[in-house]
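Q: Give me a 3D structure for the following:
(chains A, B, C and D)
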2 protein chains.
Amino acid sequence: MTNRQASRFGLVRPSISRRTTDDVVFQVSELIKLNQLKPGDRLPPERELAKEMGVSRQALRRGLQSLVSMGVLKSRQGSGTFIAGGPPSLDSEPLQLLAALHGFTFDHLFEARSVLEVSTAGLAAERATGAQLAAIAEEVAEMYATVDDPQQYLIHDIRFHRAVAAASGNPTLSTLVEMVSGVMYERRRQTIERAQDFTESLELHRRIYRAIRDRQPKEARAAMADHIARAQKAFALEEAEQETVIGTARTDHENP
Amino acid sequence: MTNRQASRFGLVRPSISRRTTDDVVFQVSELIKLNQLKPGDRLPPERELAKEMGVSRQALRRGLQSLVSMGVLKSRQGSGTFIAGGPPSLDSEPLQLLAALHGFTFDHLFEARSVLEVSTAGLAAERATGAQLAAIAEEVAEMYATVDDPQQYLIHDIRFHRAVAAASGNPTLSTLVEMVSGVMYERRRQTIERAQDFTESLELHRRIYRAIRDRQPKEARAAMADHIARAQKAFALEEAEQETVIGTARTDHENP
DNA sequence: AATTTGAAATTGGTTCTACCAATCTTAAAT
DNA sequence: ATTTAAGATTGGTAGAACCAATTTCAAATT
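A: All right, here's what the predicted structure looks like:
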């Protein structure tokens, strides 16, 4: 039995687990917390980390991969492994598989967005700080500036919603919003070219911003609900006759 | 080189092979979809899969690990790698580490639960099928039966909420609910012993069920909101003066 | 002196081989 | 028919070697 003991970080794994991968995930996350590593910071080289943790480099890499697929880390060949910035989220690419496996449709995604974002908008109206308000306003301004460039517009659209979620003051909700919109992003980017014009969209975003700024939760919720409903319709039009189901729908969600 | 093209989502994968890990994730997901593999089914052995995909076993394993950490797959040494289904053992939540790393508080989690579950309850009241209603009723009955066994009671409590989410007819929302409650589960399991009695909790669950059964969305939402608010208070009491951040608590999830 | 170039070191990505450990299968022994 | 034990299957781990992208830094060029 590979009896690996406390690492040099002084961390002992509480229970006896054979899963070295979990061990690595745990120790690395501890390493991050103890060393106060911030987004953008670099982890020690793999060979070094593996040695210090007393595991093979393969095992370490599997553990790191786990963290990468969760969006905690980002690896760049030749450069290093870094703490990922931005809100935590599952890597959008694998997440789409998850979505496919669970038979998500875009209607489902829009409905989930509505549930989440109507609430975050309301909370933002109650809690947003000055800086957060400024961030939202910033994105609205950028949307105005990029109204003729669909790709850029979409980016700021998403950042707007992200900013609103952040202003809700609840990182959990913020993360969930991030995940859902992440799943939609790729597809949205392809259909956006066919979009007509963004004046209506723009106006709705501004209405949301104003409601939040004026501390009107009810209005903020209503505006967001309206916006998402219209976005869903617009998206359906853009989709036209393409299939709207993500992958093969299956996998019931019941419990045994 | 394997020239993989657009998947069903209309998402185009870059034709230039980037990380083989992503390649593996993609190919395995295709394998799952094409072969109609459902939860519980077993994947081919690693050595075999690796050969078929033209990658080394290590690379394959890293790809699989990625899927495992997302909850799509589950590996059992000596047995095989399986498609993960509805987790009967309530373990291994990818979000758990993210939650720890980003210091989600339980107040945040409860708030997120409220946002999600109030909506799922409302939707369930509109859409629940007979079978889904039965599943919810089943869990209520089990809660009655296990009212003297906190651990068992908690399991059925969570399954109740899962069943309600499933009855919303929206797998996306259902998945989000599952993620959030999964993050809470471990800690909750530790404090539940100190809970006094579950009669009030039981009554609230029954009220939710009745509202859904009677097709009263408003009442269902109100009941769920009330329930979660009370649960949050009860939890705060159980916690007493313990820390409320999910930080260092290392949760070890094993399977039978 | 400033810039460019390019070789070498660094670091993540991949492969190969061998072996360990848990599980399953099968057939012999009781 | 049941139990038991040996073998085969399968995931888990290890070490070394090499590939590929990036960074570093000193020499060459301007």
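Q: Give me the residues contacting stretch A:110-122.
A: Here stretch A:110-122 makes contact (CB atoms under 8 Å, 6 or more residues apart in numbering or on different chains) with A:161, A:164-165, A:167-168, A:170, A:173-174, A:176-177, A:180-181, A:184, A:208, A:211-212, A:217-218, A:220-221, A:223-225, A:228-229, A:231-232, A:235, B:115-116, B:119, B:170, B:172-173, B:176. In this view, the C-beta of every residue, glycine as well, is placed from N, C-alpha and C.
Q: go again using 6 Å as the cut-off
A: With CB atoms under 6 Å, 6 or more residues apart in numbering or on different chains as the test, stretch A:110-122 has contacts from A:164-165, A:168, A:173, A:176-177, A:180, A:217, A:220-221, A:224-225, A:228, A:232, B:115, B:119, B:170, B:172-173.
Q: cool, and stretch A:148-156?
A: By CB under 6 Å, 6+ apart, stretch A:148-156 touches A:Glu139, A:Glu142, A:Met143, A:Thr146, A:Ile192, A:Glu193, A:Phe198.
Q: ok, A:Leu43 touching A:Ser79?
A: No: here A:Leu43 does not reach A:Ser79: they are 11.2 Å apart, not a contact under CB atoms under 6 Å.
Q: ok, the two, which is more surrounded?
A: A:Leu43 (20 against 9; other CB atoms under 10 Å in any protein chain shown).
Q: helix/strand/coil for the residue lying closest to the more buried one once chain neighbours are set aside?
A: Spatial nearest neighbour of A:Leu43, chain neighbours left out: A:Thr81 (4.5 Å); criterion: CB to CB, 6 or more residues apart in numbering or on different chains. The three-state assignment at A:Thr81 reads strand, by DSSP: H, G, I helix; E, B strand; the rest coil.
Q: any idea how far A:Gly54 is from A:Thr81?
A: For A:Thr81, the distance to A:Gly54 equals 19 Å [CB to CB, to the nearest Å].
Q: So for these two, which residue has more residues nearby?
A: Under the criterion of other CB under 10 Å, the comparison of A:Thr81 against A:Gly54 puts A:Thr81 first, with 21 against 18.
Q: what about A:Glu142, distance to DNA strand C?
A: For A:Glu142, the distance to DNA strand C (CB to the nearest atom of the strand, to the nearest Å) stands at 32 Å.
Q: Now do the buried residues in the helix or strand harbouring that residue.
A: Using DSSP states H and E, A:Glu142 sits within helix A:130-145. When burial is assessed from 16 or more other CB atoms under 10 Å in any protein chain shown, helix A:130-145 yields the following buried residues: A:Gln132, A:Leu133, A:Ala135, A:Ile136, A:Ala137, A:Glu139, A:Val140, A:Glu142, A:Met143.
Q: which one of those sits closest to B:Ile32?
A: A:Glu139 (37.7 Å; CB to CB).
Q: Need the nearest residue in space to that closest one, chain neighbours excluded.
A: A:Phe160 is the one closest to A:Glu139 (CB to CB, 6+ apart), at 4.0 Å.
Q: Wasn't the one you found part of a strand?
A: No: A:Phe160 is assigned helix when assessed by three-state DSSP, not a strand.
Q: Now do it against DNA strand D, distance only.
A: Distance, A:Phe160 to DNA strand D, by CB to the nearest atom of the strand: 30 Å.
Q: ok, now A:Ile212?
A: 39 Å.
Q: Remind me which helix or strand that residue belongs to.
A: For A:Ile212, the host element (DSSP H and E) is helix A:199-213.
Q: State the mean pLDDT of the helix or strand following that helix.
A: Per DSSP H and E, helix A:199-213 leads on to helix A:217-239 as the next helix or strand towards the C-terminus. Across helix A:217-239, pLDDT averages out at 91.
Q: Can you tell me what sits against helix A:217-239?
A: Contacts of helix A:217-239 (CB under 6 Å, 6+ apart): A:110, A:113-114, A:117-118, A:121-122, A:125-126, A:191, A:194, A:204, A:207-208, A:211-212.
Q: Which two of these have the greatest separation?
A: Greatest spatial distance in the contacts of helix A:217-239: A:Glu126 and A:Arg194, 37.2 Å, computed using CB to CB.
Q: Over to the residue in the stretch 1-150 of chain A that DNA strand D sits nearest to: give its phi and psi.
A: DNA strand D sits closest to A:Gly78 of the stretch 1-150 of chain A, with a gap of 2.2 Å, by CB to the nearest atom of the strand. Backbone geometry at A:Gly78, expressed as degrees, to the nearest 10, gives phi 80, psi -20.
Q: same deal with A:Gly40?
A: According to degrees, to the nearest 10, A:Gly40 has phi 100, psi -20.
Q: which stretches of the stretch 51-200 of chain A form strands?
A: Using DSSP state E, counting those that start in this stretch, the strands assigned to the stretch 51-200 of chain A run over residues A:73-76, A:80-83.
Q: re the thing from before, compare the contacts of helix A:217-239 and tell me which is most surrounded.
A: A:Ile212 leads the contacts of helix A:217-239 on contacts (other CB under 10 Å) with 31 neighbours.
Q: need the contact list for that residue.
A: Neighbouring residues of A:Ile212 by CB under 6 Å, 6+ apart: A:Ala124, A:Ala125, A:Ala128, A:Ala220.
Q: Take those residues and keep only those in helices.
A: A:Ala124, A:Ala125, A:Ala220 (DSSP state H).
Q: on that earlier part again, between all of the contacts of stretch A:148-156, which two are at the greatest distance?
A: Greatest spacing in the contacts of stretch A:148-156, by CB to CB: A:Glu139 and A:Glu193 (20.9 Å).
Q: which among the ones in helices among the contacts of A:Ile212 gets closest to chain B?
A: Minimum distance to chain B across the ones in helices among the contacts of A:Ile212 is 12.8 Å, recorded for A:Ala124 (CB to the nearest CB).
Q: Name all residues that make contact with A:Val140.
A: A:His205, A:Arg206, A:Tyr209.
Q: before we move on, back to that, save the contacts of stretch A:148-156 as TSV, and put in distance to B:Met70 and pLDDT too.
A: Supplementary listing: the contacts of stretch A:148-156 in TSV, determined by distance: CB to CB, whole Å; pLDDT from 0 to 100:
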residue	distance to B:Met70	pLDDT
A:Glu139	30	95
A:Glu142	32	94
A:Met143	32	94
A:Thr146	33	92
A:Ile192	27	74
A:Glu193	30	71
A:Phe198	34	85
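Q: so where's chain A shaky on pLDDT?
A: Within chain A, the ranges that satisfy pLDDT under 70 run A:1-18, A:86-102, A:186, A:194-196, A:239-256.
Q: For it, which residues are neighbours of DNA strand C?
A: Taking CB under 7 Å from any atom of the strand, the part of chain A that reaches DNA strand C is made up of A:1-2, A:18, A:43, A:45-47, A:57-58, A:61, A:75-81.
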